[in-house]
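A.B. asks: generate a structure from the sequence data that follows.
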Amino acid sequence: MPAAEPSAMQIPTAAGPIAETLVAQGFDLSKKLVGAFLLVVIGRFAIGLVKKAIEAALNRQHLDATLKRYAESAAGVVMNLLLLLAVLSLFGINTTSFAAVFAAAALAIGTALSGLLSNFAAGVFLVVLRPFKVGDFVTAAGITGTVREIGLFVTGIDTPDNVRVYVGNNKLFSDNIQNFEANSFRRVELEAQLPHGVDPRDAIARLKERLKKIEGTVNEPSVEILRFTLAGPVLAVRPFCPNAVYWDVYFATTKAIVDAFTEAGYPVPEQHWSIRGVSELPR
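C.D. replies: Residues are numbered from 1 along each chain as shown. I've put the predicted structure just below:
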């Protein structure tokens, strides 16, 4: 008798285990995708809440708008990076190597940009500590002028001859800073040379009377004998005035000195020497 043909149920096949494996892997991948989607949604929502909290905290500190923007951006980048690592970890990807790569890149960038980062750090301190603000007249890093902009890397200063100078924040912050606008008023310092034969007390009284009439002066002006020279006594003339009218009072004071001495009829100061002959010298 001919041999019976095997039935379909008797043919060995691997389709069943492969299908089961694919279904299991697909189900596992679906769970990971759903988990990743939920993690991204929840993470983005949490990042938004944290950024709002950071913004509110910075607003309470009354920090500069530029610094707040950079702080918020830096916090957002860090939190988004952590979220990305969490998503990769959910898919079973080892994130240790990514962290090592990021750390090495950060170290290399920090080493290459050490000067720039030092200016950045100094800029942050300038914004936080506020030794001066935009519009202040300062002397810093050897530059005297009006501050026009404070950046995170450089500060722009307009000199009195209207030249914009950009100074690196690290150099500026590490040097002495004179802020002429920090106090409500300042002192004008001038000198007046008196000729020989003029009573200094009369000159002082005349100058004080003139200085009191200058518009913008505050407090009692100071006029005292500063030193003596070959031409005669030198007076220190020091009126006080608000910062806004400093130069007006400065030039008005020089005019007051000229007018007071001219009105009094003081002669022009001249140096005097007494020359003796050899026979007149003491023995």
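A.B. asks: which pLDDT does the model give Glu209?
C.D. replies: We note a pLDDT of 92 for Glu209 in this prediction.
A.B. asks: OK, contacts around the nearest residue to it once chain neighbours are set aside?
C.D. replies: Leaving aside its chain neighbours, Glu209 sits nearest to Ala260 (8.0 Å; criterion: CB to CB, 6 or more residues apart in numbering). Heads up, the C-betas are built off the backbone N, CA and C, glycines and all. Contact analysis of Ala260 by CB atoms under 8 Å, 6 or more residues apart in numbering lists 203, 206-207, 209-210.
A.B. asks: in TSV, list these along with distance to Asn169 and secondary structure.
C.D. replies: Formatted as TSV, the contacts of Ala260 follow (distance: CB to CB, whole Å; DSSP: H, G, I helix; E, B strand; the rest coil):
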residue	distance to Asn169	secondary structure
Ala203	48	helix
Arg206	49	helix
Leu207	44	helix
Glu209	48	helix
Arg210	45	helix
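A.B. asks: among those residues, the buried ones, what's the ChimeraX command?
C.D. replies: Buried subset of the contacts of Ala260, written as a ChimeraX selection, criterion 16 or more other CB atoms under 10 Å:
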select :203,206,207,210
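A.B. asks: dump the contacts of Ala260 to CSV, plus distance to Phe185.
C.D. replies: Formatted as CSV, those follow (distance: CB to CB, whole Å):
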residue, distance to Phe185
Ala203, 25
Arg206, 24
Leu207, 20
Glu209, 21
Arg210, 19
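A.B. asks: quick check: Glu270 vs Arg227, distance?
C.D. replies: Using CB to CB, to the nearest Å, we find Glu270 at a distance of 17 Å from Arg227.
A.B. asks: same check, this time on Phe91
C.D. replies: Distance of Phe91 to Arg227, computed by CB to CB: 83 Å.
A.B. asks: likewise Gln178?
C.D. replies: Here the criterion is CB to CB. By it, Gln178 lies 25 Å from Arg227.
A.B. asks: neighbour count: those two, which is higher?
C.D. replies: Legend: neighbour count by other CB atoms under 10 Å for Gln178 and Arg227, higher for Gln178 (12 against 9).
A.B. asks: thank you kindly, that will do.
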